[in-house]
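Chemist: just the structure for this:
(2 chains)
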Amino acid sequence: MRDPLRPPMIHPTPRLRFAPSPTGPLHLGGARTAMYNWAAARAMGGTFLLRIEDTDQARSTDVSLQSILAGLRWLGIDWDEGPDKGGAYGPYFQMQRLAMYRATADRLLASGHAYLCYCTSEEIEAGRKQMEAQKVGFTGYNRRCRTLTAEQRTAFEREGRKPNVRYRMPDARVLQVHDLILGDVEVNTRDFDDWVMLRPDGVPLYNFACVVDDIGMQITHVVRGNEHFQNGIKQRLLFEALGAECPLYAHIPLILNKDGKKLSKRDADTNMLDYRDKGFPAEGVFNYIALLGWSFSGDRDVFSRDEMVAAFKIEGIGKSPSKFDDEKLRWMCGEYVRGWTPASLVDRARPWLAAPATQAQFSPQAARLHTLAAAGLELPAVPAHTFQFQAAWLQNVLACYQERIAILSELPGKLPWLFQAAPTMDAAAQKNLAKEPAAKEWLRALADVLAAGIAPPSYRPWLLEQDKSDVRKGADAAVVLPTKKDTAEPVCAFDTPARIEAQCRALVDRLGIKFGSFVHPVRAALTGTDKGPGLFDVVFLLGKETCVDRLRAIGNAP
RNA sequence: GUCCCGGUCGUCUAGUCCGGCCUAGGACCUCAGAUUUUCAUUCUGGUAACACGGGUUCGAAUCCCGUCCGGGAUACCA
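Modeler: Below is the predicted model of the structure:
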């Protein structure tokens, strides 16, 4: 027996694979498995390939396959060989490799490692029931066909029975196996079944196809979910029977939900594309998933793909299952959103902002968004001309929300006050307006101050609904403002937030009131809520006419 | 039932292999404070864990045994 820690001589450079079965979309666990294989391959300068295990013909679909590939691409996990890329070790679909399985099964049959089994599923089930009744512990196939004579076989054949090919499990053999994550584990072959390798129709079962392909594709390291540990034992035996060196195995712990149960559809989005379509930053999701069972360092959680690759070691993956925590995922996403330039925020937010009619031109995700809208998500309503003619203004708007969102779909619900003729007043706003008896007087006073000042001209999308003659009306006057508070404001023909603040402070002094009590009703009148960007940013964004109108409308109301 | 694996703050984890630097570190959450025109951001500080019981040892989160709890496997799914 060779040293279990010595790198296999299967191939001069490491070759790792992600082998999904296209029976559903890419989910969290699969994404992580793919990621770890990918990272390990990249870290070792090896090859990462995709193999499609489509032998479950009843459940495999092309839709699922496409969804899996799209999910991987979205996460930035790329492969060197695979279904759409080809490669020297193809084909990469198991259903296209049937001849290899048949040939290998024949070899195993000839060498006595496998035998033909003519049992029907009813007979197998009856045998299992019987074993259970005997309470022997181990239950499984009763191995009736292990010792069939030639006469018995021909008799079955004459009955029209078609045989499965079964692996002949060695009797009570103790195996010491080494797992890169679990370490040394001892198992006994008597606890394993004589499992089916090949169906009568020539379609292989998982453990068999997996080994034939891992040999054929010269896989050196297998990183996969812990539910495959026992399969690994069966597979090692098969490698041995075929005289092939087996790869290094790493069985990673499962991801559980908050209750410690296996993650299911109800717990979180199991489809990676849902994260994409809801506006989770891919980098954030990638980063978070990487942390489920692996740590970059003792004191850092935020890292790039490249940094992960530079630091990744299979042996560094933890042994215990982790629970999925969507609060930390959200925080992680916020970290990335805040790190973007405002220009790139506009770019990324576009599909979530565009009015339904114009979404299609921005993103193929549009159709998906309508589904989300139907599911109750607030619909975005930024008209197309905003993107076209008010780019700088829009960028300023988004910059104001950059540190207030973590997921792009949170954006549209925060912006209506900028696009409606009059903001809808929420309860908090109404309260703030009613609190100070003199508030309406202040609003009128501020309206007069702004009317006399040179705040930027207002961009009023609601007016353009009626009059489309000049969509540039309400010019895109606003220069792009710096986002850092301590940076000097650029030269601007209009009043900047800083100058608006100075005017407000002067007014507050003149009125002889407290600044704080002044701000709240003003914010309410302007935005209809008690949350959002700084008040002077609000004025700057809304522009002179809109502010004056809104302040007077409420200031003069009875 | 049987076999295998796991068990450090509520959560993700560092430390475990090569026992002492661990009066157990970081992050999320939470709480308090600071900044501030709200919210958010940012900053400071706090609460909070070695599953339990036995060993071995001068000394154990780290090694050994047992218990308990959790998970996986036990398919003509993967």
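Chemist: drop to CA atoms for contacts and neighbour counts, all remaining ones
Modeler: Will do.
Chemist: got the contact list for A:R51?
Modeler: A:17-20, A:82-83, A:92-94 (Cα atoms under 8 Å, 6 or more residues apart in numbering).
Chemist: and the closest residue to A:A310 other than its chain neighbours, how many neighbours?
Modeler: Leaving aside its sequence neighbours, A:A310 sits nearest to A:A43 (Cα to Cα, 6 or more residues apart in numbering; 6.0 Å). For A:A43, the neighbour count with other Cα atoms under 10 Å is 18.
Chemist: A:A43 contacts A:F312, doesn't it?
Modeler: Yes - judged on Cα atoms under 8 Å, A:A43 makes contact with A:F312 at a distance of 6.3 Å.
Chemist: what does the stretch 1-150 of chain A put close to RNA strand B?
Modeler: A:19-21, A:53-56, A:118-121, A:135-141 (Cα under 7 Å from any atom of the strand).
Chemist: give me that answer again for 10 Å
Modeler: Proximity of the stretch 1-150 of chain A to RNA strand B (Cα under 10 Å from any atom of the strand) is limited to residues A:19-23, A:30, A:51-60, A:94-95, A:117-125, A:128, A:131-141.
Chemist: mark which of those residues are buried, thanks.
Modeler: Those of these that meet the buried threshold are A:19-23, A:30, A:51-56, A:60, A:94-95, A:117-119, A:124, A:128, A:131, A:139-141, by 16 or more other Cα atoms under 10 Å.
Chemist: out of these, name the ones that lie in strands.
Modeler: Among these, the ones falling in strands (DSSP state E) are A:C117.
Chemist: look up how far RNA strand B lies from A:Y401.
Modeler: 8 Å (Cα to the nearest atom of the strand, to the nearest Å).
Chemist: just give the nearest non-adjacent residue to that residue, would you?
Modeler: A:P533 (7.0 Å).
Chemist: hang on, the earlier thing: of the contacts of A:R51, which is the nearest to RNA strand B?
Modeler: A:P20 (5.8 Å; Cα to the nearest atom of the strand).
Chemist: so who does that closest one touch?
Modeler: A:30, A:50-53.
Chemist: output these as TSV; include the columns pLDDT.
Modeler: What follows is the contacts of A:P20, written out as TSV (pLDDT from 0 to 100):
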residue	pLDDT
A:G30	95
A:L50	98
A:R51	98
A:I52	97
A:E53	97
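Chemist: just the ones of the residues you listed in helices?
Modeler: Of the contacts of A:P20, the ones assigned to helices by DSSP state H are A:G30.
Chemist: of all the contacts of A:P20, which comes closest to A:P521?
Modeler: A:P521 lies nearest to A:G30 out of these, by Cα to Cα, at 51.3 Å.
Chemist: next up, the contacts around that closest one.
Modeler: Contacts of A:G30 by Cα under 8 Å, 6+ apart are A:P20.
Chemist: so where's chain A shaky on pLDDT?
Modeler: For chain A, residues meeting the criterion pLDDT under 70 lie at A:1-8, A:264-269, A:355-381, A:464-491.
Chemist: and if we set it to 50?
Modeler: A:1-4, A:357, A:359-364, A:367, A:374-378, A:380, A:475, A:484 (pLDDT under 50).
Chemist: contacting residues for the residue nearest to the spatial centre of it?
Modeler: Nearest residue to the geometric centre of chain A (Cα atoms, centre = their mean): A:M272, 3.8 Å. A:M272 makes contact with A:25-28, A:31, A:71, according to Cα under 8 Å, 6+ apart.
Chemist: just the buried members of the residues you listed?
Modeler: Here, 16+ other Cα under 10 Å leaves A:25-28, A:31, A:71 buried among those.
Chemist: possible to save the contacts of A:R51 as JSON lines with distance to A:N188?
Modeler: Putting those into JSON lines (distance: Cα to Cα, whole Å) gives the following:
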{"residue": "A:R17", "distance to A:N188": "28"}
{"residue": "A:F18", "distance to A:N188": "28"}
{"residue": "A:A19", "distance to A:N188": "27"}
{"residue": "A:P20", "distance to A:N188": "29"}
{"residue": "A:G82", "distance to A:N188": "36"}
{"residue": "A:P83", "distance to A:N188": "37"}
{"residue": "A:Y92", "distance to A:N188": "33"}
{"residue": "A:F93", "distance to A:N188": "33"}
{"residue": "A:Q94", "distance to A:N188": "30"}
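Chemist: tell me which entries of the buried ones among the residues of the stretch 1-150 of chain A next to RNA strand B lie within helices.
Modeler: Reading helices off those with DSSP H, I get A:30, A:124, A:128, A:131.
Chemist: list the contacts of the helix or strand where A:A445 lies.
Modeler: Here A:A445, judged by DSSP states H and E, is contained in helix A:439-452. With contact meaning Cα under 8 Å, 6+ apart, helix A:439-452 is reached by A:433, A:503-504, A:507, A:518, A:521-522, A:544-545, A:547-549, A:551-552, A:554-556.
Chemist: what do you get for stretch A:303-320?
Modeler: A:36, A:39-40, A:42-43, A:180-182, A:250, A:252-254, A:283, A:287, A:293-296.
Chemist: quick one on the thing from earlier: from A:Y141, how far off is the residue nearest to the centre of chain A?
Modeler: To A:Y141, A:M272 is 38 Å away according to Cα to Cα, to the nearest Å.
Chemist: which part of the stretch 1-150 of chain A gets nearest to RNA strand B, residue-wise?
Modeler: Counting by Cα to the nearest atom of the strand, the stretch 1-150 of chain A gets nearest RNA strand B through A:G137, at 3.3 Å.
Chemist: got a list of what that residue touches?
Modeler: So A:G137 contacts nothing (Cα under 8 Å, 6+ apart).
Chemist: got the phi/psi numbers for it?
Modeler: phi 100, psi -80 (degrees, to the nearest 10).
Chemist: same deal with A:R552?
Modeler: According to degrees, to the nearest 10, A:R552 has phi -70, psi -40.
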